[in-house]
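Asker: need a structure here:
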Amino acid sequence: MKEILINCGIIQKSGVILSNGELEDVFVEHTASSGAVGNVYKGVVDNVVPGMQSAFIDIGLEKNAFLFIDDIANKGNEADIRKLLKKGQEIVVQIIKEAQGVKGARVSTAITLPGHNLVLMPDQDYVGVSKKIEDEEAKTRLKSLISKLKNEHHGYIVRTDACSASQEQIQTEMDFLEDLWSSISRDAKTKNAPALLHSQDSLLLTVIRDFFDDSIEKLTVNTPDAFDEAKRLALVLTPHLKDRIFLKEADLFALTGIETKIKKLLQKKVWLDNGGYLVIDYTEALTVIDVNTGKFTGDYDLNKTIVKTNVLAAKEIARQLRLRAIGGIIVVDFIDMESDEDRQTVLDALEEASKSDKTKTNILGFAPLGLVELTRKKSRLSLADSMQCTCPYCEGDGRILNENSILNNLLFALKRAVDNNDSTIAVLRLNPYILTALKKHVTALKENFASISIFVREDQGMHVEDYNISLLKEISDQEGLIKVI
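Answerer: Numbering: from 1, shown residues only. Below is the predicted model of the structure:
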């Protein structure tokens, strides 16, 4: 059984697709200011850079968006961006790649508005059909139908689900998309730039448009407002499924244990059923996945042990990419294998497991160094980017100084303070972890700080790398202090 749960909280909405109780996909709604792929903005050209044939557009986000000349619609054969854009010019753009690291979002002036069966292209007089529709007769029929129904100034791409849609359903969705574009166009004329004109990242819209199909037996939401919105969207996008939408006013994720499963998706280590495991690391440029045999030692054949682990890993990697919404360049370090036949077996497993992913994945195969390279389209923010932020302590490194380095820094600082002061008492405020480490070096402390007494006040809330040194001539209150020497 496949079902969708939409859990609406006070701050944001989250959703999951479950297949027989197991997670198949996870969605988190973002704020309008997060710059999600598909959002449409009225922006202002902040700077034109002819050397890069690009421009930086202020769309109201933290970083200016980046518009390359090839992403400007209807530019003809013009190759000089200075003839297309001027500083201060207002322009309507859509995010096609979200901001990452120090880079702003990449935008395009070729707007696309996806529905369940169709994608509207307001700037194109063209009808295209999804490559996934292989039946030539169906392609011809759909292309002819859309050409007859559409606005002569607008273009459409026919999506795969349109094969089973009636003419009435297609017309209803076409009217919906045309009205949406009219609303965006009106706002573009009246709102002051920079301004958000359309947010593509409404969770209910995304889920019902892209995932609520005949395979879903039930869609449950937990608030009356979300229930009404889901019904309204389904009437336009998937009218034959509107009776599969239900309301249950409760914390749906807590009831079903979903919270715990989502937390596991934020961890670096992923265990495989045979005791092997994956380690998933994110960098600004790409995602790196390492495969390890872990606890799995096999029976007697090392090569079979390795291949079995790699095949299991390939299936789990496809699942993790989908669940974590990982996009861009991905590099996988499978356990080294002896033969091309074994490597092909692993690639076949990865290909097969990726077929159920609605997001396009391109598996390039094994590189000369033995790493598997693949790409996955960035259709939305990754789960990590949606739910986590950069650690303010380590600034994204994910590592801290070890105890020896921390103690070394602390004792150098204490030495400098003591040498320039005639006090006889030092009170250190430390994390308990560092106090435990300090006690291992009492002999060395006595030799190097013979002229002072050292006390420590534990502070559980202090970052392990931080410390505070106070030099005193006497202590009036020793409560809570621990004497070291």
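
Asker: look up how far Leu5 lies from Phe246.
Answerer: 10 Å (Cβ to Cβ, to the nearest Å). Where you see a C-beta, it was placed from the backbone N, CA and C, and this is true even at glycine.

Asker: which positions in stretch 212-229 come out as buried?
Answerer: The neighbour-count check on stretch 212-229 (16 or more other Cβ atoms under 10 Å) flags Phe212, Ile216, Leu219, Thr220, Val221, Asn222, Thr223, Ala226, Phe227, Glu229 as buried.

Asker: could you export these as JSON lines, including pLDDT?
Answerer: Below are the buried residues of stretch 212-229 laid out as JSON lines (pLDDT from 0 to 100):
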{"residue": "Phe212", "pLDDT": "93"}
{"residue": "Ile216", "pLDDT": "94"}
{"residue": "Leu219", "pLDDT": "96"}
{"residue": "Thr220", "pLDDT": "96"}
{"residue": "Val221", "pLDDT": "95"}
{"residue": "Asn222", "pLDDT": "93"}
{"residue": "Thr223", "pLDDT": "93"}
{"residue": "Ala226", "pLDDT": "93"}
{"residue": "Phe227", "pLDDT": "95"}
{"residue": "Glu229", "pLDDT": "92"}
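
Asker: pull the most distant pair out of those.
Answerer: Of all pairs drawn from the buried residues of stretch 212-229, the greatest distance, 19.5 Å, lies between Ile216 and Thr223 (Cβ to Cβ).

Asker: Phe246 and Leu5 - which one has more neighbours?
Answerer: The neighbour count for Phe246 versus Leu5, taken as other Cβ atoms under 10 Å, is higher for Leu5 (20 against 12).

Asker: element containing that one, please.
Answerer: Assessed by DSSP states H and E, Leu5 sits inside strand 2-8.

Asker: ok, the helix or strand following that strand: who's next to it in the sheet?
Answerer: Heading C-terminal from strand 2-8, the first helix or strand you meet, by DSSP H and E, is strand 13-19. When pairing is defined by DSSP bridges, strand 13-19 lines up against strand 2-8 (antiparallel), strand 22-28 (antiparallel).

Asker: and those strands, which is most packed in?
Answerer: Of all the strands paired with strand 13-19, strand 2-8 has the most neighbours on average by mean count of other Cβ atoms under 10 Å, namely a mean of 21.

Asker: show residues contacting that strand.
Answerer: Residues outside strand 2-8 that contact it (Cβ atoms under 8 Å, 6 or more residues apart in numbering): 13-20, 24, 203-204, 207, 211-212, 215-223, 225-226, 230, 251-253, 256, 258.

Asker: who touches both of Phe246 and Leu5?
Answerer: With Cβ under 8 Å, 6+ apart, Phe246 and Leu5 have common neighbours Thr220.

Asker: quick one: the one residue sitting closest to the centre of the chain from Ala36, how far?
Answerer: Among the residues of the chain, the one closest to the centroid is Ser382, at 1.0 Å (Cα atoms, centre = their mean). To Ala36, Ser382 is 12 Å away according to Cβ to Cβ.

Asker: who touches the nearest residue to Glu403 once chain neighbours are set aside in this structure?
Answerer: Excluding its sequence neighbours, the residue lying closest to Glu403 (Cβ to Cβ, 6 or more residues apart in numbering) is Ala437, at 4.1 Å. Contact analysis of Ala437 by Cβ under 8 Å, 6+ apart lists Glu403, Ile406, Leu407.

Asker: try Asp135
Answerer: If you count contacts by Cβ under 8 Å, 6+ apart, Asp135 has them with Cys163.

Asker: now do the helices in the chain.
Answerer: For the chain, helices defined by DSSP state H occupy the ranges 136-149, 167-190, 203-210, 224-237, 252-256, 258-264, 302-323, 340-354, 383-387, 403-419, 432-438, 442-448.

Asker: as TSV, these with distance to Asn292 would be great.
Answerer: Formatted as TSV, the helices of the chain follow (distance: least, Cβ to Cβ, whole Å):
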stretch	distance to Asn292
helix 136-149	46
helix 167-190	47
helix 203-210	34
helix 224-237	42
helix 252-256	31
helix 258-264	17
helix 302-323	8
helix 340-354	15
helix 383-387	21
helix 403-419	27
helix 432-438	28
helix 442-448	39
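
Asker: and this protein, what are its domain boundaries?
Answerer: By the assignment in automatic domain parsing, the chain contains the domains 1-29+203-264, 34-201, 268-387, 403-483.
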